[in-house]
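Asks: Prediction below, plus the sequence it came from.
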Amino acid sequence: MSTPDDTSTDTPATCPFTGARAGQAVAPTSASPAMTQAGGPAPALAPRPRIAGSNEPRKTLLLTGASRGIGHATVKRFSAAGWRVITCSRHAFPEECPWGAGPEDHIQVDLANTDSTVAAIAEIRDRLEGGALQALVNNAGISPKGSGGERLGAIDTALDDWKTVFQVNFFAPIMLARGLAPELTAARGSIVNVTSIAGGRVHPFAGAAYATSKAALNALTREMAADFGPLGVRVNAIAPGEIDTAILSPGTDKMVAQIPLRRLGTPDEVAKTIYFLCTESSSYVTGAEIHINGGQHV
Ligand SMILES: NC(=O)c1ccc[n+]([C@@H]2O[C@H](COP(=O)([O-])OP(=O)(O)OC[C@H]3O[C@@H](n4cnc5c(N)ncnc54)[C@H](OP(=O)(O)O)[C@@H]3O)[C@@H](O)[C@H]2O)c1
């Protein structure tokens, strides 16, 4: 399984639109002047284009964990369909990225930090035009390993690490959903929480904190579907299996023989399902967790 690793805080910033890497890493918690979420000047907003050939204003997606892997594929999928995508990650938007609309639609936030998350929510609300948000995708996730890359089990996971995993994987999604509830309600929007196959069964590489946080996020999806449904907001989860992202745990290739479709999934295959859950095609689907794992769960 590709389990995102929270020790990668010095990972170079990656353009969420092109995948281009910045030449130099940006300190994860230092706000960039161009995109600060904590008091700095926000960049000037240009008028939003409308969807070509239509009077409909562009729909907006807020996406966490946009800089790599599944998040990166999700940016591309929604952008190709004409959506405005507001991206979030710990890193600043790479200056050399050729995507013109990127910096003004990027929020630098550390979802492990509640103050940073609260400030980011205020910044996001400021940047939303017309007070409407059509989709929130809680994709950012961390899965810490031991110093030698080993799985951290229920006995050997430090309590502080456990709390950090839950802050990013579980509490940040509900903070964002509650903080943006008025805008999601105004748009009769959709929330997608990214869980994991590890939330439903013990996994050889995913640690106990990660697995329990994803199980909790699936339960939270059910609760949110009940509470947001009367507001017209649908809430679903997607549970990826082994997806071919940059950070594959050694040994993932050996698992392919046990997967009925006999291959890893691609980030775009996940992004396509996220898109389905954020659009009219899934208008009567809420409270569901969709498995995207080539049959690995059967
Ligand atoms: N890949 C798989 O096989 C797989 C399987 C099951 C579930 N999933 C789930 O799918 C989601 C995406 O996985 P992925 O493999 O695409 O992950 P990834 O490549 O490791 O990317 C993780 C993303 O989360 C962001 N992030 C991490 N910590 C953050 C923090 N404290 N604050 C803000 N942003 C943070 C990262 O951006 P910065 O580093 O710039 O902050 C990055 O954009 C995760 O929720 C993961 O649990 C993945």
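Replies: Received, thanks.

Asks: List the buried residues of stretch 251-266.
Replies: Thr252, Met255, Ile259, Leu264, Gly265 (16 or more other CB atoms under 10 Å). C-beta: built from backbone N, CA, C; applies to glycine.

Asks: The first one is in contact with Leu264, isn't it?
Replies: Yes. Assessed by CB atoms under 8 Å, Thr252 is found in contact with Leu264 at 7.3 Å.

Asks: who touches both of those two?
Replies: Residues within reach of Thr252 and of Leu264 at once, by CB atoms under 8 Å, 6 or more residues apart in numbering, are Glu242.

Asks: How far does stretch 132-144 stretch from one end to the other?
Replies: Length of stretch 132-144, first residue to last, CA to CA, to the nearest Å: 35 Å.

Asks: do stretch 232-246 as well
Replies: In stretch 232-246, first residue to last residue: 36 Å (CA to CA).

Asks: give me phi/psi at Val137?
Replies: phi -120, psi 110 (degrees, to the nearest 10).

Asks: where do the strands sit along the stretch 1-150 of the chain?
Replies: Assigned by DSSP state E, counting those that start in this stretch, the stretch 1-150 of the chain shows strands spanning 60-64, 84-89, 106-108, 135-138.

Asks: Please tabulate those strands in TSV, including the columns mean neighbour count, mean pLDDT and distance to Arg125.
Replies: Shown next, in TSV, are the strands of the stretch 1-150 of the chain (neighbours: other CB atoms under 10 Å; pLDDT from 0 to 100; distance: least, CB to CB, whole Å):
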stretch	mean neighbour count	mean pLDDT	distance to Arg125
strand 60-64	27	98	10
strand 84-89	24	95	11
strand 106-108	27	95	11
strand 135-138	28	98	12
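
Asks: Ok, which of those strands comes nearest Thr245?
Replies: Between Thr245 and these, the tightest spacing by CB to CB is seen for strand 84-89, at 14.3 Å.

Asks: now the stretch 1-150 of the chain, which segments are flagged as low pLDDT?
Replies: The model of the stretch 1-150 of the chain has pLDDT under 70 over residues 1-55, 96-101.

Asks: Spell out the residue ranges of the helices in it.
Replies: Assigned by DSSP state H, counting those that start in this stretch, the helices in the stretch 1-150 of the chain fall at 69-80, 114-127.

Asks: any idea where the helices of the stretch 151-298 of the chain begin and end?
Replies: For the stretch 151-298 of the chain, the helices defined by DSSP H, counting those that start in this stretch cover 159-166, 172-179, 181-187, 208-228, 252-255, 267-277.

Asks: between the longest one and helix 159-166, how many degrees?
Replies: By that I understand helix 208-228. 40 degrees (axes from the mean of the first three to the mean of the last three CA atoms, to 10 degrees).

Asks: now helix 208-228, how far from the chain's geometric center?
Replies: Using CA atoms, centre = their mean, to the nearest Å, the mean C-alpha position of helix 208-228 is found 15 Å from that of the whole chain.

Asks: out of the helices of the stretch 151-298 of the chain, which comes closest to Leu62?
Replies: helix 172-179 (7.4 Å).

Asks: Please list the outside residues in contact with the closest one.
Replies: Helix 172-179 is contacted from outside by 62, 64, 111-112, 114, 117-118, 121, 124-125, 136, 138, 140, 184, 191, 193, 217, 220, 224, 228, 235, using CB under 8 Å, 6+ apart.
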